[in-house]
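Visitor: Next comes the sequence, and after it the predicted model I'd like to discuss.
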2 protein chains.
Amino acid sequence: MQSIPAEQQFGMEGDKPVAYSNIISGIVKLSKLMADGRQQIVALQFAPDLVGRPFDITNKTSIEAATDLKLCSFPRKALESLIAEAPDLEHRLHQQNLRELDDARDWLLALGRKTANERVASFIYFTALHIDPDALSKGQMIRFQFPLKRSDIADFLGLTLETVSRQITKLRQSKVIALIDNSTCEIIDLPMLRKLAEAEELPKL
Amino acid sequence: MQSIPAEQQFGMEGDKPVAYSNIISGIVKLSKLMADGRQQIVALQFAPDLVGRPFDITNKTSIEAATDLKLCSFPRKALESLIAEAPDLEHRLHQQNLRELDDARDWLLALGRKTANERVASFIYFTALHIDPDALSKGQMIRFQFPLKRSDIADFLGLTLETVSRQITKLRQSKVIALIDNSTCEIIDLPMLRKLAEAEELPKL
DNA sequence: CGTTTTCTTGACTCAGCTCAACGTACGTGG
DNA sequence: CCACGTACGTTGAGCTGAGTCAAGAAAACG
């Protein structure tokens, strides 16, 4: 069990992953960097996810604490030999990776086809869902902290921080959300937020 | 073993997957549709991938033949009980899903941060890699067919078909590629193509 | 062949980017 | 306690890359 302060990278040595970590609390961001400095956050992970790409990786992705973290880490070898023994463990990992794949594909739709406004709405909805799925499904009014600062939200949504700021202002003005302070968000009009976020064909509701 | 003509959907009944299929030959596209018709292709799958999201799915994605296909299909139940018996099968599936996750995250970077020109270059590079990884790594001149028509490439890259067409013209004019006919592409300047495609920080080369 | 679908090109528009100024919160040390 | 610096967020003005709309060219198809 260890603590990691926000903004710090971990679990890698050079560009090889050396450890797997269970998230006890806090939020982890995975990001990709281009040679000229352009950056894209490709995933956020929440407790109780396991961080660390199993098996060999060709893929350069950096792992960083988005908030202060509490982790439970294992060396790479340890987990891999555990997996070899316990098929059930691999099954659970597989399930998590499938969820991550679904998430990634949802964001592909957002980055490829949604407007700035819809992307920000999607981010807020996505965050609220991860923080308290139950409250959301009951349609209660919800208050929560943004897990990322504006520039990180921008890197997640493929926008600039200015555009993110403007769209948040717009959502505030149209009474979809309210800001208690810069990083505390309250959802006022959940149906509208959902409509903006899921401009997708709804499977059901 | 069955054949599926290009453009046809398969493997689903309503929005539930009913079968898994091994791709013998051809290319499969997975796409998401928004209520107003906006569309995003979220993955392409090549032989010998297994098509079909294992276990339960909450995620609405349609599965369609991008080219004529040869498939080997199993009913959903059959594969799931096979998995329960043979942990090795789950391991192989898991590996494939991890590759898909890596791909999806590479495209997140492309859709979030790359220009139209870089996205089209990435698509050409990606396609060539999947069709003949060896020839590419030897740096040979490569000729291949685009697996998708312009409007599908656009849906994959989060662009319009006009923009895709213009960028292909531009790559042709700058002698990075040549077109033998509309759908046959030859890579002339591989280093340049790679530079455009992987504006990423190169792990190694 | 004519018909239909796909691709290319041009002219114009606009959502989101860039650059720049300013506001606000917080910490540090004089 | 206040002055100052630093990091973060907001807002404005103007620009531009990609979208839209429209017209033709070129394949594909029966």
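Guide: Structure received. Residues are numbered from 1 along each chain as shown, chains lettered A, B, ... in the order given.

Visitor: contacts and neighbour counts: CA atoms only from here.
Guide: Fine.

Visitor: secondary structure element for the residue nearest the centre of chain A?
Guide: The residue lying closest to the centre of chain A (Cα atoms, centre = their mean) is A:L44, at 2.3 Å. Assigned by DSSP states H and E, A:L44 belongs to strand A:39-46.

Visitor: what do you get for A:L129?
Guide: Using DSSP H and E, A:L129 falls in helix A:116-131.

Visitor: That helix and chain B in contact?
Guide: No. Against chain B, helix A:116-131 shows no contacts by Cα under 8 Å from any Cα of the partner chain, the least distance being 11.2 Å.

Visitor: Now look at that helix and say if it contacts DNA strand D.
Guide: No. Residues of helix A:116-131 are not located near DNA strand D by Cα under 7 Å from any atom of the strand, the shortest gap being 11.7 Å.

Visitor: Next, the buried residues of the next helix or strand after that helix.
Guide: Per DSSP H and E, the first helix or strand lying C-terminal to helix A:116-131 is helix A:133-137. Within helix A:133-137, the residues scored as buried using 16 or more other Cα atoms under 10 Å in any protein chain shown are A:L136.

Visitor: swap in stretch A:159-178?
Guide: Of all the residues in stretch A:159-178, those buried under the rule 16+ other Cα under 10 Å are A:L159, A:T160, A:L161, A:V164, A:Q167, A:I168, A:L171, A:R172, A:V176, A:I177, A:A178.

Visitor: quick one, what contacts the third one?
Guide: Just to be clear, that refers to A:L161. A:R150, A:S151, A:D152, A:I153, A:A154 (Cα atoms under 8 Å, 6 or more residues apart in numbering or on different chains).

Visitor: Can you tell me which of those residues are buried?
Guide: Buried, going by 16+ other Cα under 10 Å: A:R150, A:D152, A:I153, A:A154, out of those.

Visitor: give me phi/psi at the most far-flung residue of chain A relative to its centre?
Guide: In terms of distance from the mean C-alpha position of chain A, A:E85 ranks first, at 30.6 Å (Cα atoms, centre = their mean). Main-chain torsions, A:E85, degrees, to the nearest 10: phi -80, psi -40.

Visitor: so what's the closest residue to A:F46 other than its chain neighbours up against?
Guide: Distances taken as Cα to Cα, 6 or more residues apart in numbering or on different chains put A:I27 closest to A:F46, at 5.0 Å, once the chain neighbours are dropped. By Cα under 8 Å, 6+ apart, A:I27 lies in contact with A:L44, A:Q45, A:F46, A:A47, A:A65, A:A66, A:T67, A:D68, A:L69, A:P147.

Visitor: and what of A:L108?
Guide: Counted by Cα under 8 Å, 6+ apart, A:L108 has contacts B:Q40, B:V42, B:A104, B:W107, B:L108, B:L111.

Visitor: got it, and A:S3?
Guide: Counting by Cα under 8 Å, 6+ apart, A:S3 has contacts A:D68, A:L69, A:K70, A:L71.

Visitor: go again using 7 Å as the cut-off
Guide: Residues near A:S3 by Cα atoms under 7 Å, 6 or more residues apart in numbering or on different chains: A:L69, A:K70, A:L71.

Visitor: For the residues you listed, could you give me TSV that also reports secondary structure?
Guide: Converted to TSV, the contacts of A:S3 look like this (DSSP: H, G, I helix; E, B strand; the rest coil):
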residue	secondary structure
A:L69	strand
A:K70	strand
A:L71	strand
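
Visitor: Looking at the residues you listed, spot the one nearest B:A121.
Guide: Distances from B:A121 to the contacts of A:S3, taken as Cα to Cα, are shortest for A:L69 (38.6 Å).

Visitor: Let me see the contact set for that closest one.
Guide: Per Cα under 7 Å, 6+ apart, neighbours of A:L69: A:S3, A:I4, A:P5, A:S25, A:G26, A:I27.

Visitor: tell me which residues form a beta bridge with A:E186?
Guide: A:E186 has the following beta-bridge partners by DSSP bridges: A:R143, A:A178.

Visitor: That one and A:F146: what is the separation?
Guide: Here A:E186 is placed at a distance of 10 Å from A:F146 (Cα to Cα, to the nearest Å).

Visitor: A:E7 now?
Guide: Taking Cα to Cα, one finds A:E7 at 15 Å from A:F146.

Visitor: Run the angle between the helix ranked longest in chain A and helix A:116-131 for me.
Guide: Taking DSSP state H as the criterion, chain A has its longest helix at helix A:87-113. Counting by axes from the mean of the first three to the mean of the last three Cα atoms, to 10 degrees, helix A:87-113 points 160 degrees away from the direction of helix A:116-131.

Visitor: Hmm, A:E90 is touching A:I83, no?
Guide: Yes. Counting by Cα atoms under 7 Å, A:E90 does reach A:I83; the two are 5.7 Å apart.

Visitor: Neighbour count: these two, which is higher?
Guide: Counted by other Cα atoms under 10 Å in any protein chain shown, A:E90 and A:I83 do not tie: A:E90 has more neighbours, with 20 against 17.

Visitor: Noted, bye for now.
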